[in-house]
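> With the input below, show me the fold.
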Amino acid sequence: MPFVVVPFTLTQAVIALSASEPEVDGNNIVVFEPTTAGVTSAQINVDFAGPITSDGACNFDSSPIEITRPASGTAVASICVHGNALDPSYLYQLTGPATPDISVSVTSLASLFPNLVQLNLTISSTTLPGVRSLFISTTNNDQAVATGLLEVQ
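Here you go, the predicted structure:
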């Protein structure tokens, strides 16, 4: 059997299963190994998170972090997240009940506390309410999740 090297992609295919059709035949599943798979990296995690108050302080006493949608237009809510080896170059995404409806920009707060990042969340009046989890992906495609981190009201 030939050995073939193909470029790594992050695309995902969905194989739909249901109670009436619990299996699907004839699908080829190809698993890609990223080129950075052999690179050792520190495990990432989320230790704690909280809203950033109006005076710029991180408030780590609320779970989930509650943010309120604006009546119209958009608004930015800022939260701080601390964890092992967190870096602003990583990809930070929030789950949602539909396509991602909260955009995230990242700023390092390591000057205040090592491994601390600020996430600026842009929400709109059309952002759907509900509890969200935060997914973090490193440049090596290592991932961590903080389940139920945020609640949109």
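
> OK, contacts around Ala146?
Listed by CB atoms under 8 Å, 6 or more residues apart in numbering, the contact set of Ala146 reads 46, 49, 81, 133-134, 136. Yep, even glycine has a C-beta here, placed from its N, CA and C like the rest.

> cutoff 10 Å now
Under the criterion of CB atoms under 10 Å, 6 or more residues apart in numbering, the neighbours of Ala146 are 45-49, 63-65, 81, 83, 94, 132-136.

> Turn the buried ones among the residues you listed into a named ChimeraX selection, would you?
A single ChimeraX command suffices to select whichever of the contacts of Ala146 are buried according to 16 or more other CB atoms under 10 Å:
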select :46,49,64,65,81,83,94,132,134,135,136
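
> chain center to stretch 48-58: distance?
Its chain's C-alpha centre and that of stretch 48-58 lie 19 Å apart, by CA atoms, centre = their mean, to the nearest Å.

> then it to PDB, C-alphas only?
The C-alpha coordinates for stretch 48-58 follow below in PDB (Å, rounded to 0.1, in the frame of the first residue of the first chain):
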ATOM      1  CA  PHE A  48     -10.800  30.600  36.400                       C
ATOM      2  CA  ALA A  49     -12.600  33.400  34.500                       C
ATOM      3  CA  GLY A  50     -14.700  36.400  35.200                       C
ATOM      4  CA  PRO A  51     -16.000  39.700  33.900                       C
ATOM      5  CA  ILE A  52     -13.800  42.700  33.800                       C
ATOM      6  CA  THR A  53     -15.400  45.400  35.900                       C
ATOM      7  CA  SER A  54     -15.700  49.100  34.900                       C
ATOM      8  CA  ASP A  55     -12.500  49.900  36.900                       C
ATOM      9  CA  GLY A  56     -10.600  47.300  34.900                       C
ATOM     10  CA  ALA A  57     -10.400  44.700  37.600                       C
ATOM     11  CA  CYS A  58     -11.000  40.900  36.900                       C
END
